[in-house]
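**Q** Provide a 3D model corresponding to the input given below.
(one chain, ligands or ions: 1)
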Amino acid sequence: MKNMMLSSDLKKILKGEVLDDEATKIKYSHDASLFEVSPQVVVYPKDLEDVKNLVKFVKENKGASLTARAGGTDMTGGPLSESIVLDFTKYFNKIQGIMPKREGGGYGVTDSGVFYRDFEKETLKHNLLLPSYPASREICAVGGMVANNSGGEKTLAYGKTENYVTELHAILSDGEEHVFRPLDEHELVLKRRRADFEGEVYRKMYDLVVYNDKLIQEARPNVSKNSAGYNLWGIWDGKTFDLTKLFTGSQGTLGIITKIKFKLIKPKTHSRLTVIFLKDLNSLVDLVKIVMKFKPESFESFDNHTFKLAMRFLPGLIKIMKPKNIFKLAWSFLPELWMVISSGIPKMILLAELTGDSEAELETNLQELKKGLREQRVKFRIISNEEEARKYWTMRRESFNLLRHHTQGKRTAPFIDDIIVKVEKLPEFLPKLNDILDKYNLTYTIAGHVGDGNFHIIPLMDLTDPRSAEIIRELSDKVYNLVLEYGGSITAEHNDGLIRSPYLEKMYGEKVYKLFEETKHIFDPQNIFNPGKKVGTSLKYAFDHLVRG
Ligand SMILES: Cc1cc2nc3c(=O)[nH]c(=O)nc-3n(C[C@H](O)[C@H](O)[C@H](O)COP(=O)(O)OP(=O)(O)OC[C@H]3O[C@@H](n4cnc5c(N)ncnc54)[C@H](O)[C@@H]3O)c2cc1C
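**A** Numbers count the residues shown, from 1 in each chain. Have a look, this model is predicted:
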């Protein structure tokens, strides 16, 4: 359908704005991935009725489809589409309520377009937290976190977003809003008896997971975090049937999320950061074992390239930190500068945050940790000042963002950006990974969640060079083969999108991939929700849409 006709038809049925000017289309052609896909039109649904009308419209107009967008920070091309993009941050941005529980913890109910940073401001007023926030916490929205099943620095202790979604409102392909939550056996029977589309979804999904149980359970990746494919193994444990587990991480391919009820935790009252500087990676696994004994809330890492980048763009980094006293903060980088001068740039920096319910509990653990680290003869510092701790966290959280905005001629190329293998496999896995990477003359940063064995490798590339596409393809094949050889997952938290959906069949095999296709068909028989993600995709399509320049 021609753009102008499409826009004028949509304007007739929507209260929210409909835009198809060039500037809007260029903005919505991009996320934080390698891809560029221009939408026909961008809409800002004002309310539920608008979304329902959109579903009815695309069902009647063959070839039209709907792709939801929240913060647009996806690293996979997940929110990119050639059809209609729905931006939820403009009107679906109300926090309905934060409900603390007397016994601790609580719940928060929010629209899907609310930015995480705004949600956190409200939860913290009640001393509550959604602990699965990603490093993009300042720029992403909660709908995107759910759709990607995001994780972050506290996931090691608290798990990913899937653990916190207790209820989810979504508009399905029948054009109606449905509420998903965990059901007991009796509730499940009632749902399966329903004569409407929701009943059909429950009947068919129940049959799919029950009849293929062995295949599904065997396909579950043996890692602590996974966002690849559809989470079929999380739906039914024989007692509870929970389609929120399937929806979370499905990248908007099964329906449109409108409202979410999150479980919230009470943050620990005492925490202290230990920074460990590694000259080489030989002792990495031993160190991971030592630190993990103390059950750190976060255990993160970044490499020498990230550190160099942080030093190079120090003024930008300091600005992000918004210090009370800019000179004092700049001064506080002297120890790092001295370390570089006296013993060179560390190969990897590990950040371990230990927490406790009392200062005494924390102090005992810190003393024990100190002992363990001294025995390993590594350089480390226990940070007692909050502003200084923030300095290291900013380096870790902002490295990718800094790289995105400060490279001339080259750009960040996330395509092997989220691999995970079990920590025990790292001593064998990491040298093999390095051998593969060393064959290519690339500049890249590696940061990640070392406690989970999850690494974000971000090369810098000139995408106008035709060789770049070849390298991306070759490296993806080699790295993913290695990850799968070690029983890992091609994506722990960033999800599949355009870049990884074509590898799902390789990761799970033909039979499980067929179940993914069936799942999509049960929810979305006309393929109207975010087509070409998870299933029905090709590497050719992805490479045809690489950002040029
Ligand atoms: C600097 C940086 C750091 C990052 N660090 C991390 C990290 O630590 N961990 C991590 O997991 N990710 C990380 N990411 C990736 C990304 O920020 C997260 O996955 C984030 O949760 C995506 O949220 P968003 O609001 O930007 O979603 P978007 O990019 O807008 O969308 C993401 C996906 O969700 C779908 N979607 C959005 N809204 C809806 C809805 N209402 N209904 C249905 N589907 C919807 C979209 O179609 C798309 O497929 C990082 C990205 C950047 C740029």
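**Q** got the residues of this structure near the ligand?
**A** 31-32, 67-75, 78-79, 88, 112, 134-136, 140-141, 143-145, 147-148, 150-152, 251-252, 256-257, 400-401, 493-494, 530 (C-beta under 6 Å from any ligand atom). All C-beta atoms are positioned from the backbone trio N, CA, C, and that covers glycine.
**Q** what's the local residue count around whichever residue of the chain sits closest to the ligand?
**A** Using C-beta to the nearest ligand atom, the closest approach of the chain to the ligand is made by Gly144 at 2.0 Å. Around Gly144 sit 33 other residues, with neighbours defined as other C-beta atoms under 10 Å.
**Q** pLDDT at it, what is it?
**A** At Gly144, the model reports a pLDDT of 98.
**Q** swap in Met4?
**A** Met4 is given a pLDDT of 66.
**Q** and the residues of the chain next to the ligand, which of them are in helices?
**A** Using DSSP state H, the subset of the residues of the chain next to the ligand located in helices is Gly143, Gly144, Met145, Ala147, Asn148, Phe400, Asn401.
**Q** for Val18, give the beta-bridge partners.
**A** Under DSSP bridges, the beta-bridge partners of Val18 are Val43.
**Q** list the contacts for it?
**A** Val18 is in contact with Ser7, Leu10, Lys11, Val41, Val42, Val43, counting by C-beta atoms under 8 Å, 6 or more residues apart in numbering.
**Q** what's the closest non-adjacent residue to the fourth one?
**A** What sits nearest to Val41 in space, not counting adjacent residues and going by C-beta to C-beta, 6 or more residues apart in numbering, is Asp20, at 4.6 Å.
**Q** go on, the second one?
**A** The spatial neighbour of Leu10 that comes closest, neighbours along the chain excluded (C-beta to C-beta, 6+ apart), is Val18 at 4.6 Å.
**Q** swap in the first one?
**A** Once its chain neighbours are removed from consideration, Ser7 has its nearest residue in Asp20; the separation is 4.7 Å (C-beta to C-beta, 6+ apart).
**Q** quick check, pLDDT for that neighbour.
**A** 96.
**Q** now Gly549
**A** So, for Gly549, pLDDT stands at 65.
**Q** now swap in His406 and tell me
**A** Residue-level pLDDT assigned to His406 equals 66.
**Q** one step back: am I right that the residue of the chain closest to the ligand is in contact with Pro134?
**A** No - counting by C-beta atoms under 8 Å, Gly144 sits too far from Pro134 to count as a contact (9.0 Å).
**Q** all strands for the stretch 201-350 of the chain, in order.
**A** For the stretch 201-350 of the chain, the strands defined by DSSP state E, counting those that start in this stretch cover 256-264, 270-278, 298-303, 348-356.
**Q** tell me which of those strands sits nearest to Lys56.
**A** strand 256-264 (12.8 Å; C-beta to C-beta).
**Q** what's in contact with that closest one?
**A** Contacts for strand 256-264 (C-beta under 8 Å, 6+ apart): 48, 51, 55, 66, 68, 86, 92, 96, 98, 105-112, 123, 126, 128-130, 142-143, 146-147, 163-171, 177, 181, 247, 529.
**Q** now, which of those lie within helices?
**A** Reading helices off the contacts of strand 256-264 with DSSP H, I get Leu48, Val51, Val55, Thr123, Val142, Gly143, Val146, Ala147, Phe247.
**Q** low-confidence stretches in the stretch 1-150 of the chain?
**A** Where the stretch 1-150 of the chain drops to pLDDT under 70, the residues are 1-4.
**Q** the strands in it, which residues?
**A** Using DSSP E, counting those that start in this stretch, strands in the stretch 1-150 of the chain cover 18-19, 41-43, 66-69, 84-87, 95-100, 106-111.
**Q** switch the ones you listed over to JSON lines; also include distance to Phe543.
**A** JSON lines is the format used below for the strands of the stretch 1-150 of the chain (distance: least, C-beta to C-beta, whole Å):
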{"stretch": "strand 18-19", "distance to Phe543": "29"}
{"stretch": "strand 41-43", "distance to Phe543": "25"}
{"stretch": "strand 66-69", "distance to Phe543": "20"}
{"stretch": "strand 84-87", "distance to Phe543": "22"}
{"stretch": "strand 95-100", "distance to Phe543": "40"}
{"stretch": "strand 106-111", "distance to Phe543": "36"}
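**Q** which of those strands sits closest to Lys478?
**A** strand 66-69 (30.8 Å).
**Q** in the closest one, what counts as buried?
**A** Leu66, Thr67, Ala68, Arg69 (16 or more other C-beta atoms under 10 Å).
**Q** cool, stretch 255-270 as well?
**A** The neighbour-count check on stretch 255-270 (16+ other C-beta under 10 Å) flags Gly255, Ile256, Ile257, Thr258, Lys259, Ile260, Lys261, Phe262, Lys263, Leu264, Ile265, Lys268 as buried.
**Q** and stretch 421-429, by the same measure?
**A** Val421, Lys422, Val423, Lys425, Leu426, Phe429.
**Q** for stretch 320-329, same thing?
**A** Here stretch 320-329 shows Pro323, Leu329 as buried, counting by 16+ other C-beta under 10 Å.
**Q** output that stretch as PDB, restricted to C-alpha atoms.
**A** C-alpha atoms of stretch 320-329 as PDB (Å, rounded to 0.1, in the frame of the first residue of the first chain):
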ATOM      1  CA  ILE A 320      27.300  11.400  32.400                       C
ATOM      2  CA  MET A 321      28.100  11.000  36.100                       C
ATOM      3  CA  LYS A 322      26.800  14.500  36.900                       C
ATOM      4  CA  PRO A 323      29.100  14.900  39.900                       C
ATOM      5  CA  LYS A 324      28.500  17.500  42.700                       C
ATOM      6  CA  ASN A 325      32.200  18.500  42.400                       C
ATOM      7  CA  ILE A 326      33.600  18.000  38.900                       C
ATOM      8  CA  PHE A 327      37.200  18.700  39.900                       C
ATOM      9  CA  LYS A 328      37.100  16.300  42.800                       C
ATOM     10  CA  LEU A 329      35.800  13.500  40.500                       C
END
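**Q** averaged pLDDT, that stretch. What do you get?
**A** Stretch 320-329 comes out at a mean pLDDT of 72.
**Q** returning to what we had before: make JSON lines out of the buried residues of stretch 255-270 and add pLDDT.
**A** Below are the buried residues of stretch 255-270 laid out as JSON lines (pLDDT from 0 to 100):
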{"residue": "Gly255", "pLDDT": "98"}
{"residue": "Ile256", "pLDDT": "98"}
{"residue": "Ile257", "pLDDT": "98"}
{"residue": "Thr258", "pLDDT": "98"}
{"residue": "Lys259", "pLDDT": "98"}
{"residue": "Ile260", "pLDDT": "98"}
{"residue": "Lys261", "pLDDT": "98"}
{"residue": "Phe262", "pLDDT": "98"}
{"residue": "Lys263", "pLDDT": "98"}
{"residue": "Leu264", "pLDDT": "98"}
{"residue": "Ile265", "pLDDT": "97"}
{"residue": "Lys268", "pLDDT": "90"}
